[in-house]
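Predicted model and sequence follow; I will ask about them next.
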Amino acid sequence: MEGLKVIEKRDKKIVEIADTKVGGGNFLFCAGPCAVESKEIMEEIVSYVKISKVNLLRGGAFKPRTSPYSFQGLGEEGLKILKETSRKHNIPFITEITDTKYVELVFKYADGFQIGSRNMSSFELLKEVGKTGKPVLLKRGMSATVEEFLNAAEYILSEGNENIILCERGIRSFDPAFRNILDLNAVAFLKKKTFLPVVVDPSHGTGRRDLVEKLAVAAMAVGADGIIVETHPYPEKALSDGFQSLDRDEFLSLAKSVEKFALFLGYEF
Ligand code: PEP
Ligand code: MN
């Protein structure tokens, strides 16, 4: 693989997002809505995710939607809601950053950046978040090779920021039966190849809420350091990705499986 310098070299990295440790035997259980919609919905989500061992919240305030006419996110108002909910319940949060012009703003509010599939190759953005030193959950581009994914992480590393979590979120395939194909080969491979924690997003990886729990457990079996899932109390009314968002009961069922399996695998959790 070409161009890799830092990523192959070192002892396993433990990334810290506020008090949440990821990697080196520390398991990440991240959950939240695809998009932040309101303070009330966010509160409702936390009221049930708190029953489980979720140690990181997620939620988009800037949404990179396929159509410009779809809900684009609440922007700074969404960041405020995330911060307020996160501080009230003492669970840190990450949120997606879509452009270099938002680096200062997102830095100010969030405990960590999320770089989405559509921006994995936005090299200026990778460099800018690299400069901040703040943790970054970097998602694999939907058509990116593993080598391209690793080089994207190198962009962040090249600015001196080693606080990176790699996230497999599914790749495009010929088969319209699923939104994406979750590439568990890549997860097992990345765990061997890099010193960074590797987590899995079975929500985007399948695109179907009835498959999320199964693939979450499968991801753990191949060595993932954590999972990130979408949940919404009323998936059919969600403004983004409702079809793959777990409702309360589905989420609690997944949490039970994840926690049981994490214990079995000996994770700190
Ligand atoms: C998301 O996490 O809501 C998201 C947009 O994911 P991805 O970048 O993997 O499509
Ligand atoms: Mn989503």
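Received, thanks. Ligands and ions are numbered 1, 2, ... in the order given.

which bits of this structure sit near ligand 1?
With C-beta under 6 Å from any ligand atom as the criterion, the chain meets ligand 1 at residues C34, G60, G116, S117, R118, K139, R169, D201, H204. C-beta coordinates here come from the backbone N, C-alpha and C atoms, glycine included.

Verify the contact between the third one and P64 for me.
By that I understand G116. Yes: with contacts defined as C-beta atoms under 8 Å, G116 counts as touching P64 at a distance of 5.8 Å.

where do the contact lists of these two overlap?
E96, T98 (C-beta atoms under 8 Å, 6 or more residues apart in numbering).

of those two, who's got more company?
Taking neighbours as other C-beta atoms under 10 Å, G116 and P64 compare with G116 leading, 22 against 14.

Let me see the backbone angles for the more buried one.
Note on G116: its backbone torsions stand at phi -80, psi 170 [degrees, to the nearest 10].

One more: L28?
phi -100, psi 130.

Give the burial count for it, as a bare number.
Residues within reach of L28, counting by other C-beta under 10 Å, total 26.

Distance check, the closest residue to it other than its chain neighbours against L157.
For L28, the nearest residue in space outside its immediate sequence neighbours is G226; the separation is 2.6 Å by C-beta to C-beta, 6 or more residues apart in numbering. Using C-beta to C-beta, to the nearest Å, one obtains 20 Å as the distance from G226 to L157.

Comparing the two, which residue is more hemmed in?
Under the criterion of other C-beta under 10 Å, the comparison of G226 against L157 puts G226 first, with 29 against 23.

Need the contact partners of stretch 249-267.
By C-beta under 8 Å, 6+ apart, the surrounding residues in contact with stretch 249-267 are 25-27, 29, 31, 48-49, 51-54, 209, 212-213, 216-217, 220-221, 227, 229, 231, 246, 269.

Those in strands, which ones?
Of the positions in those, F29, A31, I227, V229 sit in strands, assigned by DSSP state E.

Give the bridge partners for the second one, please.
Under the criterion DSSP bridges, A31 forms beta bridges with L57, V229.

ok, it touching G226?
No: under the contact definition of C-beta under 8 Å, A31 does not touch G226, with a separation of 10.8 Å.

ok, now which ones touch the closest residue to G130 other than its chain neighbours?
Once flanking residues are discounted, G130 sits nearest to E159: 2.9 Å by C-beta to C-beta, 6+ apart. Taking C-beta under 8 Å, 6+ apart as the criterion, E159 is in contact with K127, G130, K131.

For L190, state which of those residues is nearest.
For the contacts of E159, the residue nearest L190 by C-beta to C-beta is G130; the value is 19.0 Å.

Just the buried residues of the helix or strand where that closest one lies, please?
Here G130, judged by DSSP states H and E, is contained in helix 123-132. Of the residues in helix 123-132, those with enough neighbours to count as buried (16 or more other C-beta atoms under 10 Å) are L125, L126, E128, V129, G130, T132.

which secondary structure elements does it contact?
When contacts are defined as 3 or more C-beta pairs under 8 Å, 6 or more residues apart in numbering; DSSP states H and E, helix 123-132 packs onto helix 103-109, strand 112-115, strand 136-139, helix 146-157.

So which residues make contact with the longest one?
So that's helix 146-157. Outside of helix 146-157, the residues that reach it under the criterion C-beta under 8 Å, 6+ apart are 1-7, 120-121, 123, 126-127, 129-130, 136, 138, 140-141, 144, 164, 166, 186, 189-190, 193-194, 196.

that older thread, can I get the ones in strands among the contacts of stretch 249-267 in JSON lines including pLDDT and neighbour count?
Below are the ones in strands among the contacts of stretch 249-267 laid out as JSON lines (pLDDT from 0 to 100; neighbours: other C-beta atoms under 10 Å):
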{"residue": "F29", "pLDDT": "98", "neighbour count": "25"}
{"residue": "A31", "pLDDT": "98", "neighbour count": "27"}
{"residue": "I227", "pLDDT": "98", "neighbour count": "26"}
{"residue": "V229", "pLDDT": "98", "neighbour count": "30"}
